[in-house]
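# this one's structure only:
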């Protein structure tokens, strides 16, 4: 149980072969990343595994007891709230719950012992099945996964039909994860997720007990989740152990070894052919014919096509500009009654590669639109440096003429030769007859590549990029990365692609809850800083908790001592009362109690700050149980502080 076997699978569309000889296994606990260029057949292969598409040859073997979850990019939903849509994933558990409730009602009303015994036996079977399916846990599972994917309690009440396309994709992902099946098949699971949600999904999948087969172009995600990589290339698959980074390293090593063997074989072929030509008609003709037969039987080494490297220096270099490329000084933006951010400031210097990160809806694209002048801030100002020429890459690709052929788009707009146009297009993976395609017929990824190429040809020295790697497969992303790494100007980019950000940026700005925080490093540096800050906050909270426990122990010890003292004082006061000599607290004693009370107030205020920091931590907010626990502790500590202030007030008001 818990093994998927694929043996010699093949699939064609008409006369065009999509893949052949596909063989691999996925066992329980495997996390397999499935990679390859767009159009290679990854999604079709996954649909064949699911039984949604037919295949031409080979075998797919599952255990009949295994359950499979599949992330569908498009599906139909019921006409009901989100919570009910997610509950329907547990229809078998809901049915058992109904049966259990009916039997409980019948048992209450049963008067005959024989009937009661029969009902109890049936009830025991239903309860046993209900518990085996974790029937008591399904609601907490719904909330844990929905919260992790960014849904709120308010979202639970909304009709599913009212959600956006990206939100519906997240609903599909939630439904695939809810039942925790033996095998999960995920096709681009990080689409429409912001970085925090992707990190939650990474942690979920890393601890997942079943087998996972996922198609993804998110290399950072593959690095963190995958334990194996299967590449679909040249119409077949090669299996690699390890994550994406190890796969690229091993693939490069194999390529280098293959090229070395190819070169040696070519030398051998050349020398043999020369020998045959030289001696075929002479005294060594017999040996020459023997070598010719050997050469004909020789299995030739074939090199896979190698991508054309990007050469920035074939482009026109952008003009020099001021050191202070762009400045935002206390800018703000409000939509309706909602403040997106207030009085943000940012300086972008010449040569910087700035990553702008933060949760969806934080205002990242809005900030880019302020920079290009599409929006105007009611406060502060936006200042663009002298000789700065802006190039803007938007997700809508408004600058493309849909009726043009690719090559005409470059020839007409930039006045270059056909040879130059072909070279530029080749740098962005448009080869051969691709250059004659009509732009309107291109896929989303192809349009993205063309739009980025045009941006590089504008001569802009300050690029403003809104999700430049969206819809791109891995080879196309690598082309964009090479272009940006070779670009001598300045750029700022919004992206959820952490691998891309690590390679091309040197500064990271986080926009979250209306606050912009700058980190002087790439995404990994920023992430490590955030983890360190969270760890530091956790350690502070632990220290505060330890100090609080020690303080409470001291307080108990003091209270016992004071109880003994109070008993003696009570006896003394009684005696004094009899002698008509009333006793009052001494000034020194009161001052001592006031100082002790003020110290305790300071400690409580520190503890409240620590709890407040934890409540605002994104990781805590993603865990509703932990969030509630900290909120309860905060309320309790706040009440304790109020009482302590009352004691302090009473002591300081005494005369």
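Nice, thanks for sending it over. What you are looking at is a predicted structure, and each value in this text was computed from that prediction instead of being measured.
# quick one: residue 442 and residue 451 touch, right?
No. Counting by CB atoms under 8 Å, residue 442 stays clear of residue 451, with 10.2 Å between them. (Each C-beta comes from the backbone N, C-alpha and C, glycine too.)
# how about the helices in the stretch 201-350 of the chain?
219-225, 244-279, 285-297 (DSSP state H, counting those that start in this stretch).
# show the average pLDDT along the first one.
Meaning helix 219-225. The pLDDT scores in helix 219-225 average 95.
# please apply the same query to the last one.
Throughout helix 285-297, pLDDT has a mean value of 88.
# what's the answer for the longest one, then?
Summarised as a single mean, pLDDT over helix 244-279 is 92.
# name the helices or strands packed onto it?
The contact analysis (3 or more CB pairs under 8 Å, 6 or more residues apart in numbering; DSSP states H and E) places helix 244-279 against strand 31-35, helix 219-225, strand 228-233, strand 236-241, helix 285-297.
# and the longest one with helix 244-279, angle?
In this case it means helix 285-297. With axes from the mean of the first three to the mean of the last three CA atoms, to 10 degrees defining the directions, helix 285-297 sits at 150 degrees from helix 244-279.
# among the helices and strands packed on helix 244-279, which is nearest residue 127?
Judged by CB to CB, the one of the helices and strands packed on helix 244-279 that comes nearest to residue 127 is strand 31-35, at 34.8 Å.
# quick check: angle from that closest one to helix 244-279?
Strand 31-35 runs at 50 degrees relative to helix 244-279, counting by the same axes, to 10 degrees.
# what residues does strand 31-35 touch?
24, 26, 42, 45-46, 205-206, 208, 211-217, 222, 225-232, 243-244, 247, 474 (CB atoms under 8 Å, 6 or more residues apart in numbering).
# show me what whichever helix or strand comes after it is packed against.
Helices and strands here follow DSSP states H and E; after strand 31-35, the next one along the chain is helix 42-50. Helix 42-50 is packed against strand 3-13, strand 16-27, strand 31-35, strand 183-187, strand 211-215, with contacts defined by 3+ CB pairs under 8 Å, 6+ apart.
# rewinding a little: from the contacts of strand 31-35, list the buried ones, please.
Neighbour counting with 16 or more other CB atoms under 10 Å marks 24, 26, 42, 45-46, 205, 208, 211-217, 222, 225-226, 228-232, 243-244, 247, 474 as buried within those.
# what's the domain layout of this structure?
76-165, 249-297, 312-521, 528-653 (automatic domain parsing).
# adding distance to residue 38, write those out as JSON lines.
Shown next, in JSON lines, are those (distance: least, CB to CB, whole Å):
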{"stretch": "domain 76-165", "distance to residue 38": "20"}
{"stretch": "domain 249-297", "distance to residue 38": "18"}
{"stretch": "domain 312-521", "distance to residue 38": "4"}
{"stretch": "domain 528-653", "distance to residue 38": "32"}
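# the bottom helix or strand of this structure by mean pLDDT?
helix 618-621 (a mean of 63; mean pLDDT, DSSP states H and E).
# on that earlier part again, which one of the helices and strands packed on helix 244-279 lies nearest to residue 593?
So among the helices and strands packed on helix 244-279, helix 219-225 is nearest, using CB to CB, at 55.4 Å.
# off-centre distance for that closest one?
Distance, stretch centre to chain centre, for helix 219-225: 9 Å (CA atoms, centre = their mean, to the nearest Å).
# any low-confidence regions in the stretch 351-500 of the chain?
Nowhere does the stretch 351-500 of the chain drop to pLDDT under 70.
# could you do the stretch 551-655 of the chain as well?
Ranges of the stretch 551-655 of the chain meeting pLDDT under 70: 555-556, 558-586, 588-589, 606, 612-613, 615-625, 653-655.
# do you have the helices of it handy? List them.
587-615, 618-621, 624-653.
# I'd like the ones you listed as a markdown table, with mean neighbour count and distance to residue 95 appended.
A markdown table is the format used below for these (neighbours: other CB atoms under 10 Å; distance: least, CB to CB, whole Å):
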| stretch | mean neighbour count | distance to residue 95 |
| --- | --- | --- |
| helix 587-615 | 15 | 39 |
| helix 618-621 | 16 | 34 |
| helix 624-653 | 14 | 27 |
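# just put those helices in CSV and tack on distance to residue 336.
Shown next, in CSV, are those (distance: least, CB to CB, whole Å):
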stretch, distance to residue 336
helix 587-615, 27
helix 618-621, 25
helix 624-653, 28
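# which among these is found nearest to residue 521?
Using CB to CB, the nearest of the helices of the stretch 551-655 of the chain to residue 521 is helix 618-621, at 19.6 Å.
# mind checking which of the helices of the stretch 551-655 of the chain is nearest residue 177?
It's helix 624-653; of these, that one is closest to residue 177 (CB to CB) at 16.6 Å.
# the closest one packs against which elements?
Short answer (3+ CB pairs under 8 Å, 6+ apart): helix 624-653 packs on helix 138-148, helix 587-615, helix 618-621.
# any idea how far residue 362 is from residue 534?
Residue 362 sits 19 Å away from residue 534, taking CB to CB, to the nearest Å as the criterion.
# more crowded one of these two?
Just comparing residue 362 and residue 534: by other CB atoms under 10 Å the higher neighbour count belongs to residue 362, 21 against 16.
# just say helix, strand or coil for that one.
coil (DSSP: H, G, I helix; E, B strand; the rest coil).
# list the contacts of it.
340-341, 511-513.
# of these, which pair is most distant in space?
340 and 512 (11.7 Å).
# give me the element the most centrally placed residue in the chain is part of.
With distances taken as CA atoms, centre = their mean, residue 198 lies nearest the centre of the chain, 2.1 Å away. Secondary structure assignment for residue 198, by DSSP H and E: helix 195-206.
# surely residue 452 touches residue 483?
Yes. Under the criterion of CB under 8 Å, residue 452 makes contact with residue 483 at 7.1 Å.
# need the overlap of contacts for those two.
With CB under 8 Å, 6+ apart, residue 452 and residue 483 have common neighbours residue 428.
# strands along the stretch 451-600 of the chain, start to end?
Using DSSP state E, counting those that start in this stretch, the strands assigned to the stretch 451-600 of the chain run over residues 462-466, 490-494, 507-512, 515-519.
# quick one: which of the ones you listed is nearest residue 347?
Once these are compared by CB to CB, strand 515-519 is nearest, at 9.1 Å.
# quick one: that closest one to chain centroid distance?
With CA atoms, centre = their mean, you get 20 Å for strand 515-519.
# any buried residues in it, and which?
Neighbour-count burial for strand 515-519, counted by 16+ other CB under 10 Å, picks out 516, 519.
# can you list the strands that that strand pairs with?
Using DSSP bridges, strand 515-519 pairs in its sheet with strand 507-512 (antiparallel).
# and the closest residue to residue 241 other than its chain neighbours, what does it touch?
Counting by CB to CB, 6 or more residues apart in numbering, residue 241 lies nearest to residue 228, which is 5.8 Å off, once chain neighbours are set aside. By CB under 8 Å, 6+ apart, the residues touching residue 228 are 30-33, 239-242.
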